[in-house]
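Q: what would the 3D arrangement of this be:
(chains A and B)
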Amino acid sequence: MDLTLRGVVRRFGTVTALAGIDLDVAEGELLTILGPSGSGKTTLLKIVAGFEFPDEGTVHLGNSDVTVAPPRSRDVGMVFQNYALFPHMTVAQNVAFPLEMRRLAKPERERRVAEALALVELAEYGHRLPRQLSGGQQQRVALARAIVFKPRLLLLDEPFGALDRKLREAMQLEVRRLQRRLKLTTLFITHDQEEALILSDRIAVMSAGRIEQIGLPDDVYARPGTRFVADFVGESNLLDGVARSGAEAEAAGFGTVTLIAPAGAPGARATLLVRPEALRIGAPAAGLANRTTGTIIETVFLGLSVKLRLRLGTGLELLARLPLRPSEPFPLAEGDDVPIGFAPEDVHVIADAGR
Amino acid sequence: MPAARRRQPGKFALGVVAGLVFAFLMLPLLVVFPISVSSASYLQFPPPGFSWQWYVRFLEDVTWVESAIRSFKVALLCTALSMALGVPLSFALVRSRLRGMRLADRLVAAPIIVPNIIISIAIYSLFSKLQLIGVWYGIAIAHTILALPFVVILVSAGLRTFDEAQEQAAMGLGATWGVAVWRITLPQLRPSLIAAAFLAFVTSFDELVIAMFLSGASMTLPKKMFDNIMLEIDPTIAAVSVMQIVLACICLGAAALFGRGVVPGTPR
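A: The predicted model follows:
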């Protein structure tokens, strides 16, 4: 393991920012810490970078214990939220800074700077000042500065937040390519679940100072372990259910839901997750094990798909997302009463353990 | 453009008031400068004729030149001391999360509020025990008390607007905190630092009350000017004033030249 955290606790007065974090990041892996603001992800990042120290627990980089080591001896490259480029230095001087701190000889320094700038496609920009660059270019400088000294670990602190959508998507892919190519062990911090799903090898979802779930993006999305994860990652229909005998549950406002396996001991409470794209509306709903009818109360066109808000007779609201084909007109309209259905295998059961 | 401006009576009135204030501030200069090149041997305005004699007299009088040099030394040492103490103090006040820092922050301005004469008496009794009366560095140390608040106020204001993430970035990239401050923070605080040093220098160079208590036989320039007025009133003092003003203008010009913004010109 390249980065190992064991039982990391951090308190600020009476507030517990981190309540016992265990985390392993493998060599060359891009692991995302995903969580809302206040979940403790920034504190976690600072502890890994060395700007904060844990009250309990240990931090290891490779085999060395860096729990209380100062930032400079950790060999961690970090891209800050606002890049934190040095405005009084040129791009080349910025990128050379970590090499200078490591007392590399000037020719070697210049060679590595040129190499890093070429890697982020800014070879011609070394003599410019940061403020003469666009936001995306500044970010690439920050990235070059963070990787030029071949760090043991790369930290990315919400680096795409300040970019507009198109540029953000381009930068995400670029960072991903670079990370794979250089096999950089990377810890990526974000509150944007879409970004996390795109970039990550694995995702750790944080809430209230704990890691709620850690797993492959696909796992976290399709098989969330807690109601919080189901709600935070992607859009969801969460039904309050009670397990019945056999592969069935009683869902509030919906009725009996057929599952592929029992939801637990009869009478046990559980949350049933059905993703919006799993709902079938209209004719395709026919023949599915779980069926009802409802009224379309809102339609939102999203380009490739359309999002529907549906209300059942019981007052329960469901979200559906249907694919759109440009060549065919969308057959449904607000106010239509439509059949709604979903298959048993599209229901994910979350046992109610406290939450 | 001027036509558009004339249509706004508020702006016009503002211009008039600003002009009057400017004239009020500048008028003394218009008197002092002609008198300093007066051919008369007493203060007379307008001067009857032109002469450099008062500048010559200043330069020929050893006591004038000595006191000017002494004032320079005092002001330079005072500047060095107040920067050496004031910059670290500013970091402590802005960055420290210790209890009582807010109170300390308020107390920094105390030497500005306490009357100079009180400070002078206090320092006099202390320095007489320490045998710091009548030596130039004694005056410099005392002046540091007056200059320190200006340095701290200016530098901590600059520091408060500085993005601390840059310092963290530098440390993450391998710098010690000291190197990060020296290479990253201080260069960007340069305008504040230059302004602070200039104010410290002028505070000391201009100071009379403390100098009167502490200087004894080794007079600073303000003390010499004061004595000169007490004994004989001649235009030498006007010549000295003009030279002081010119010096201050040079300093201000230099500060404007070197202290502009954080970025040293655009490399091409």
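
Q: what does the stretch 101-250 of chain B have sitting close to chain A?
A: Contacts of the stretch 101-250 of chain B with chain A, taken as CB under 8 Å from any CB of the partner chain, map to B:163, B:165-166, B:168-176, B:179, B:183-184, B:187-188. Just so you know, the C-beta spots here come from the backbone N, C-alpha and C atoms, and that holds for glycine as well.

Q: of those residues, grab the buried ones for PyMOL.
A: In PyMOL, a selection of the buried entries from these looks like this (16 or more other CB atoms under 10 Å in any protein chain shown):
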select buried, chain B and resi 165+166+168+169+170+171+172+173+174+175+183+184+187+188
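
Q: which residues sit against stretch A:302-309?
A: Residues outside stretch A:302-309 that contact it (CB atoms under 8 Å, 6 or more residues apart in numbering or on different chains): A:276-277, A:281, A:296-300, A:317-324, A:330, A:332.

Q: could you flag which of those residues are buried?
A: A:Pro276, A:Glu277, A:Ile281, A:Ile296, A:Thr299, A:Leu318, A:Leu319, A:Ala320, A:Arg321, A:Leu322.

Q: how many neighbours does the residue of the stretch 1-150 of chain B found nearest chain A have?
A: Of all residues in the stretch 1-150 of chain B, the one sitting closest to chain A is B:Arg97 (10.9 Å; CB to the nearest CB). By other CB atoms under 10 Å in any protein chain shown, the residues close to B:Arg97 number 5.

Q: looking at the chain, which helix is longest?
A: As the question left the chain open, I've gone with chain A. helix A:165-182 (DSSP state H).

Q: not what I meant, chain B
A: Ranked by residue count, the top helix of chain B under DSSP H comes out as helix B:62-95.

Q: what about that one, near chain A?
A: No: against chain A, helix B:62-95 shows no contacts by CB under 8 Å from any CB, the least distance being 13.1 Å.

Q: and that helix, what does it pack against?
A: If contacts are counted by 3 or more CB pairs under 8 Å, 6 or more residues apart in numbering or on different chains; DSSP states H and E, helix B:62-95 sits against helix B:53-60, helix B:101-107, helix B:136-160, helix B:190-205, helix B:221-231, helix B:236-258.

Q: so where is the stretch 1-150 of chain A shaky, pLDDT-wise?
A: Within the stretch 1-150 of chain A, the segments meeting pLDDT under 70 span A:1.

Q: ignore the last one, chain B
A: Where chain B drops to pLDDT under 70, the residues are B:1-7, B:259-268.

Q: so which residue of it comes closest to chain A?
A: Counting by CB to the nearest CB, chain B gets nearest chain A through B:Gly174, at 3.3 Å.

Q: which residues touch that residue?
A: Contacts of B:Gly174 (CB under 8 Å, 6+ apart): A:Arg72, A:Pro98, A:Met101, A:Arg102, A:Phe149.

Q: can you tell me which of these is nearest B:Leu25?
A: A:Met101 (49.3 Å; CB to CB).

Q: what about the closest one, how many residues nearby?
A: Count around A:Met101 with other CB under 10 Å applied: 19.

Q: right, and the helix or strand after the helix or strand A:Ile297 falls within?
A: Per DSSP states H and E, A:Ile297 falls inside strand A:290-301. Scanning forward in sequence from strand A:290-301 by DSSP H and E, the next helix or strand is strand A:305-312.
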